[in-house]
Every structure is written in structure tokens, then in C-alpha cells.
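Peer 1: Below: sequence and its predicted model.
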Amino acid sequence: MKNCFFYFIALLVIILFPRPISAQAVGNVTGVQVSGNTLQLQCGTDMVIFRVCTENVIMINLRPDGIESPDTLIVSNTSWAVVPATIDTNSDPITIQTSNFRIEIARNPMRIYGYNSSGVLLFNEPAAMGINPAGISLTTTGGNFYGIHSPNPAGLLAASGNIYSGSQGQAGGPFVWTTKGWGMFADIDSGRINLSSNSITFLRTTNPMKVDIEFYFIFGSPKDIMNGMTDVTGKPPLFPKYSFGFLNSQWGMNQNKLLGYVSTYRSKGIPLDAYILDFDWMDWGADYYGEFRFGPNFPSSTAGVLRDTLLKNGVKLFGIRKPRVHTFTIEGQYALSRHYFVDSLIDYFSHKEVGRMNFNIPGARQWFYSKPSHF
């Protein structure tokens, strides 16, 4: 019984105080193995996997002590067709080459160098700090970077920024690309990207459920880079055909205004395919699933009159969604009881407490996306 108690305490300590992510860089290459388009390097107790995914995408996966963790929800594709690639392990450095890129891997210590198809160096790991469980640091050869959460006030050029879901959108994904012809994408769901004129660093926050760390390097034109990124994440579904037409997105709406504006569009012969409504459409802040149903601004919605009137005028309707639920409501208490929230905060619109949905939980995703169909 005493031993069981000590085992329980040890387990509790591990859960409550997970081991911090070590920044110890990978050491020398001690073993090499090739299988198809995959190169496996043993570096002491660590393992580094290089996989040619496409002719312009390569994955680099560090497995500390050989441990591989499940991918986050960010990565959708893990099955790759074999493409033309050459892996030479007899050379020093080791090389991996396709028609679009060349990767050189120094052995002592293991460090990577990335080149484009013309043999121009784009980035490399400094000898002092290579890939490690906390992230990766690269020396770069310049270029304008784009895609990071905090945009440069001077324009669209990226500055250093955090990796997180923004309260008002913004680019919070673990992805950055440059006009020099390459980009990189990380299988991490929170952290930071630091930029300077000649370096880039990806850092991740501690996650006891994710031991290994995985990066995808993508080469080519901006279009190639975007396609390569979505080859990894999965392609977004195509929006309905009418959403590519003429849209009116408006704040401060009610039913009378909406129908009046639609009538004006038609009477003046101005094209209109759909209307996008902001918070106004919901019963935001009300109990009993107010986040998922029409509010008092649209009294004819429940009987279908609003829908039928708009359809007769050839107009579809969009309503915004927010990944938050008010905690004091029936639905909020349900979500709280199942630990569906990441955290809580005071909503800027209702001025009431809301919980931010944790869509990493399958049950939370299924519950949240099934609710609108009930109304």
C-alpha cells in the first residue's frame, strides 16, 4: 500500500509539473538508414527523420530519445507518394535533392543547409544551435518575410510574432514564407517566431503531450509555397458558388434594414448574391443557446419568413460565428462540465464572461458544430 502511495505521488508530480522542453541541440550523426524517400539519422539517443513529401516539400522530424508523438490537428496529410529524389549518404555532407531543392546535412554536429534548385544557399543552422525539442534557429540570406501574427505597421511585411489564434483573426499559424523562394511550417499549436535581418527562430511552448518536433520546408514561388503548405495541412473546402459573387457585409443590422436594403438593391438593378451579418443576427449573451440562434433583431427568422423572402429575391444569408460560449448559460455550463474551454474572459460585445472553445477536443468540435442545426 505504501509503494502504491509513492507511485501515485510520482505520477501526480509528472502530470502537474511536466518536464520543461530542453533546448539541447542535436549532436553528431552516429547512424544512417534510408528507406525510399526517407532518411533516418541516429544522433546519440535522438533520431532525426528527413522525408521528401513532394518535389518542393521536405519534412524534418526530431524525435528526442527516439520518441514520436501524434501530430497536432494542424497536420492533415502524413501519407506521401514517392517522388523523384536522390539521397546520398556516402558523402559528407549527406545530401537530399529533388528538382526544386537541395538539403545538405553536416555530420559533426548534425546541421542542415537549404538550397534552391539553382544551388543558392537560402538558410542554414548555425553550428552553435541546431534543431532541438524547443524549436529551431536558422541563419537566413535575407528576403521579405510574410505570414506572422503581428504585421509590421509599415505594411504587410512580417515582424516577430506569437503563434496563437487571434481574438480577431490575423495570421496566427506556425507558418512563414519569404520572397527568397522558401517557407517553413511547424507542427506546433503555440509558440513564437522571431525574425531579424539574417535569422529566423521558431520556438514552441511546453506541451507534455507533444515530445517530438516537426518542420516542413517548402521551396518555390509564392504559389508553390502556398500549395505546399496546404499539401501538409489539407486543402480548405471550397465555399458555395454564390459566395464568389457580390456580397454585402454589414454591422448594425436588423430585419427591417436587411429587407429594405435588399429591396433597394433589386429596384436599382445593383447585383447582390448574399448578405453577411455580424453579431446582430444572434441572440448573443442570452441563455439557452443564444450563440447559435437568431435574436430579437430578426423576428421572422424562426417561421422561415425571412429565409423565404430573401430566397425569392435571390439572396443568400451568412452569419458570423465566434468560437466562444457564455459561461453562465445552459450551454456554457454544459461545456464547462466537460472541460471544453481553454480559458475564460470578458467578451468585448456582451460584456459577460465567455469560455473560449478548445477545438483540440473531438467532443468539443462535434458539440459546437452540431448546435446550429438545432435552430
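Peer 2: Happy to help now that I have it.
Peer 1: From here on, just use CA atoms for contacts and neighbour counts.
Peer 2: Will do.
Peer 1: lowest-pLDDT helix or strand in the protein?
Peer 2: helix 2-16 (a mean of 36; mean pLDDT, DSSP states H and E).
Peer 1: Which helix or strand lies directly C-terminal to it?
Peer 2: On the C-terminal side of helix 2-16, the nearest following helix or strand under DSSP states H and E is strand 31-35.
Peer 1: how much distance is there from that following strand to the middle of the chain?
Peer 2: What separates the centre of strand 31-35 from the centre of its chain is 31 Å, taken as C-alpha atoms, centre = their mean, to the nearest Å.
Peer 1: Tell me the buried residues in it?
Peer 2: If you call a residue buried by 16 or more other C-alpha atoms under 10 Å, then strand 31-35 has no buried ones at all.
Peer 1: Quick one: list the elements packing against it.
Peer 2: For strand 31-35, the packing partners by 3 or more C-alpha pairs under 8 Å, 6 or more residues apart in numbering; DSSP states H and E come out as strand 38-43.
Peer 1: who does the strand it packs on touch, helix- and strand-wise?
Peer 2: strand 31-35, strand 46-54.
Peer 1: Can you tell me the closest non-neighbouring residue to Arg356?
Peer 2: Counting by C-alpha to C-alpha, 6 or more residues apart in numbering, Arg356 lies nearest to Arg324, which is 4.6 Å off, once chain neighbours are set aside.
Peer 1: I meant Ile361, not that one.
Peer 2: Across the structure, with C-alpha to C-alpha, 6+ apart as the measure, the residue nearest Ile361 apart from its sequence neighbours is Tyr340 (7.1 Å).
Peer 1: Would you confirm that Pro133 contacts Asp65?
Peer 2: No. Proximity of Pro133 to Asp65 does not meet the contact threshold set by C-alpha atoms under 8 Å, at 10.6 Å.
Peer 1: So those two - more neighbours on which side?
Peer 2: Pro133 (23 against 14; other C-alpha atoms under 10 Å).
Peer 1: do you know how far Phe50 is from Arg356?
Peer 2: The gap separating Phe50 from Arg356 is 36 Å, by C-alpha to C-alpha, to the nearest Å.
Peer 1: typed the wrong thing, it's Thr178
Peer 2: 32 Å.
Peer 1: Please apply the same query to Gly173.
Peer 2: Gly173 sits 18 Å away from Arg356 when distances are taken as C-alpha to C-alpha.
Peer 1: Comparing those two, which residue is more hemmed in?
Peer 2: Counting neighbours by other C-alpha under 10 Å for Gly173 and for Arg356 shows that Gly173 has the greater number, 23 against 19.
Peer 1: and the more buried one, what helix or strand is that in?
Peer 2: When secondary structure is defined by DSSP H and E, Gly173 falls outside every helix and strand.
Peer 1: how much space between it and Pro109?
Peer 2: When C-alpha to C-alpha is the yardstick, Gly173 and Pro109 sit 30 Å from each other.
Peer 1: The nearest residue to Leu272 once chain neighbours are set aside: neighbour count?
Peer 2: With sequence-adjacent residues excluded and distances taken as C-alpha to C-alpha, 6+ apart, Leu272 is closest to Phe246, at 4.9 Å. Close neighbours of Phe246, defined as other C-alpha under 10 Å, add up to 13.
Peer 1: So Phe246 is in contact with Pro271, correct?
Peer 2: Yes. Counting by C-alpha under 8 Å, Phe246 touches Pro271, with 6.3 Å between them.
Peer 1: Just the pLDDT at Ser160, thanks.
Peer 2: In this prediction, Ser160 carries a pLDDT score of 79.
Peer 1: And it, how close does it get to Phe202?
Peer 2: 10 Å.
Peer 1: any common contacting residues for those two?
Peer 2: Both Ser160 and Phe202 are contacted by 192-194, under the criterion C-alpha atoms under 8 Å, 6 or more residues apart in numbering.
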